[in-house]
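Engineer: Pasting the sequence and the predicted coordinates here, then a few questions.
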Amino acid sequence: MFDSIRRMFGGASKLVSTEASFQQLNEVAPLKPEQAAASNEHKTSSFIRREAILDQNERIAGYEFALGQKVQSRLMDKSALIRRVYDEAMLSNLAPLGVSSLLGGRSAFIRLSLESLRSPLLAALANPNMVIMVAPRPVAEVDLNELRDSLMHVAQMGFKLGWSISQPCPEYAEFLQRATYVEVDTTAMDGIQLKAMLAEMRASNPDQMLIASRLQTVDDFKYCFERRFDFFMGPFVSSREDWHPAKSDVNYLPVFQALEMIRAGAEFDAIAECLRTDPVLTFKLLRYINSPGIGLQQKIDEIQQALMLLGRERFYRWLSLLLFDSKKPGFHENVIREQALTRGRLMEMLEGKGQVPANADQLFLIGLFSLMHLMLALPLEDVLKQVALPEAVASALRGEAGPMYDALALAVALESDNGEMEAAAAQCGLEADAVAGMMIEALAWAQEIVSVS
């Protein structure tokens, strides 16, 4: 990383040496002793976390990607050099993941300091669905002419631009008015201030996309929805407040019965008889087995024949996915469903790596069922009583120590900045860079599954 910093800052003669910059960085985000004592070759291997952003239809419209929030908050108040070191670490970790191509039509948001808008690392990320978010700094610290040129440079590269604000910023009015997105920290203002600022912003640019951030509760979401925000993000997304069961066209009882019969080793004709009692399940199974992706030469119209072609493990997996099939989901169902699919796929991809067991099917089920109690609004034990899961899967879901649970803990840590990402990866014997890449691929897979269904 030293060479890239030298290129970025024009060698050791400017501002401060690269050794000093790493010393400053280590003061605010210290390395573990064993890392600090490593060889002279410095390498940042950091986790990229993600946070879902919802649209007005309560569907996931994109993700914000960043390094750990605790590290970010500590660095953003430091010197310009330290902020640029942080940005380089983030961009270096994000660029190889191919975020812009894997997320399809969704947007990927990344936060940069004003000092990093000319970073050469941005070229690897340039894409119309990539959004660079910046935050105002005191005007006395900013060369406005240079800022205008930098923003124009980023726009010409193909990025969309957005600003993150926590209060009215009249001194930045010319920039805010032209931005595609403006993110508003709704916790920093009272209702009167927020209403006045939104009215002014809508009047100056009616086409601008407004993001309500740091929403804590469903009530916060409803409040901002009524005030015509376009996108929403914050801890409320994964909360259980005001839970209501999903309105599904799938009857869960025969699904649970069929899952239990599969694990108990029941004959295919008995399982088929169970499914015949539910026309929706029958329809979905035959539609699935006859889909182009399966690649059969002739049409299948018998349940038992479909089960024999799929096999037990593949059928069990497909049936498990049906538990997330909601006809009219709200944001809880949308987010939890995609999160569960992402966990399952990520854990499946981890099989046999480091200390993760080589059992893709069980790893997939652990990830998938780890949020089932939220999806069904039932205690975890009630869910486990209704479906016969392999003992290793059930044990991991209960939080019992072991390599399966360690893999689940890593998947969970990647979804939030709980400060446990590095430890979770080490527990699994894995490197951060590899896990971050798999997480992005798992997200893309889950998005494809959701869009098809």
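Structural biologist: Thanks, I have it. Fair warning: this is a prediction, and the values are worked out from it, not measured in the lab.

Engineer: List the residue ranges of the stretch 351-453 of the chain that fall below the pLDDT cut-off.
Structural biologist: Per-residue confidence of the stretch 351-453 of the chain (counting by pLDDT under 70) places the weak regions at 386-388, 416-419, 449-453.

Engineer: let's see it at 80
Structural biologist: 361, 372, 374-378, 383, 385-389, 416-422, 432-434, 436, 447-453 (pLDDT under 80).

Engineer: need the helices for it, in chain order.
Structural biologist: In order along the chain, the stretch 351-453 of the chain carries the following helices (DSSP state H, counting those that start in this stretch): 360-369, 372-376, 380-386, 391-397, 403-413, 421-428, 432-452.

Engineer: tell me the most buried of those helices?
Structural biologist: Of all the helices of the stretch 351-453 of the chain, helix 360-369 carries the top mean neighbour count, a mean of 24, counting by mean count of other Cβ atoms under 10 Å. Heads up, the C-betas are built off the backbone N, CA and C, glycines and all.

Engineer: what residues does that one touch?
Structural biologist: Helix 360-369 is touched from outside by 313, 316-317, 320-321, 324, 340-348, 350-351, 356-357, 383, 387, 389-390, 392-393, 396-397, 404, 407-408, 411, with contacts defined as Cβ atoms under 8 Å, 6 or more residues apart in numbering.

Engineer: With stretch 90-108 instead?
Structural biologist: Against stretch 90-108 from outside (Cβ under 8 Å, 6+ apart): 1, 4, 44-48, 53, 60-67, 110, 116, 119, 121-122, 124-125, 127, 129-131, 160, 432-433, 436-437, 440-441, 443-444, 447-448, 451.

Engineer: same thing but 6 Å
Structural biologist: Applying Cβ atoms under 6 Å, 6 or more residues apart in numbering, the contact partners of stretch 90-108 are 46, 48, 62, 65, 67, 121, 124-125, 127, 129-131, 437, 440, 444.

Engineer: show me the contacts for residue 146.
Structural biologist: Neighbouring residues of residue 146 by Cβ under 6 Å, 6+ apart: there are none.

Engineer: Tell me which helix or strand the residue nearest the centre of the chain sits in.
Structural biologist: Centre of the chain computed as the mean C-alpha position; nearest residue by Cα atoms, centre = their mean is residue 50, 3.9 Å away. Assessed by DSSP states H and E, residue 50 sits inside strand 49-55.

Engineer: Who are the packing partners of that strand?
Structural biologist: Counting contacts by 3 or more Cβ pairs under 6 Å, 6 or more residues apart in numbering; DSSP states H and E, strand 49-55 is packed against strand 60-66, strand 231-232.

Engineer: List the neighbouring strands of it plus their orientation.
Structural biologist: Based on DSSP bridges, the pairing partners of strand 49-55 within the sheet are strand 60-66 (antiparallel), strand 231-232 (antiparallel).

Engineer: buried residues in the longest one?
Structural biologist: For strand 60-66, the buried set under the neighbour-count rule, 16 or more other Cβ atoms under 10 Å, comprises 60, 61, 62, 63, 64, 65, 66.

Engineer: Of the residues you listed, just say which sits nearest to residue 218.
Structural biologist: Proximity to residue 218 was ranked across these by Cβ to Cβ; first place goes to residue 60, at 16.8 Å.

Engineer: Tell me the confidence at the nearest residue in space to that closest one that is not next to it in sequence?
Structural biologist: Nearest in space to residue 60, with sequence neighbours left out and distances taken as Cβ to Cβ, 6 or more residues apart in numbering, is residue 52 at 5.1 Å. At residue 52 the predicted local confidence, pLDDT, stands at 84.

Engineer: Tell me which stretches of the stretch 151-300 of the chain form strands.
Structural biologist: Per DSSP state E, counting those that start in this stretch, the stretch 151-300 of the chain carries strands over the ranges 160-165, 181-185, 209-213, 231-232.

Engineer: Which residue, other than its chain neighbours, is closest to the residue in the chain sticking out farthest from the centre?
Structural biologist: Here the chain reaches farthest from its C-alpha mean at residue 269, the gap being 40.8 Å by Cα atoms, centre = their mean. Counting by Cβ to Cβ, 6+ apart, the nearest residue to residue 269 once its immediate chain neighbours are dropped is residue 304, at 5.6 Å.

Engineer: Can I get stretch 174-186 as PDB, trimmed to CA atoms?
Structural biologist: What follows is stretch 174-186, C-alpha atoms only, in PDB (Å, rounded to 0.1, in the frame of the first residue of the first chain):
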ATOM      1  CA  GLU A 174     -25.100  25.500  -5.600                       C
ATOM      2  CA  PHE A 175     -23.800  22.000  -5.100                       C
ATOM      3  CA  LEU A 176     -26.800  20.600  -3.300                       C
ATOM      4  CA  GLN A 177     -29.200  21.800  -5.900                       C
ATOM      5  CA  ARG A 178     -27.300  20.000  -8.700                       C
ATOM      6  CA  ALA A 179     -26.800  16.700  -6.800                       C
ATOM      7  CA  THR A 180     -28.700  13.600  -7.900                       C
ATOM      8  CA  TYR A 181     -29.100  12.500  -4.300                       C
ATOM      9  CA  VAL A 182     -29.200  14.300  -1.000                       C
ATOM     10  CA  GLU A 183     -29.100  12.200   2.200                       C
ATOM     11  CA  VAL A 184     -30.600  13.800   5.300                       C
ATOM     12  CA  ASP A 185     -29.800  12.700   8.800                       C
ATOM     13  CA  THR A 186     -33.300  12.900  10.200                       C
END
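
Engineer: Can you give the contact residues for it?
Structural biologist: By Cβ under 6 Å, 6+ apart, the residues outside stretch 174-186 that reach it are 160-164, 166, 204-205, 209-214.
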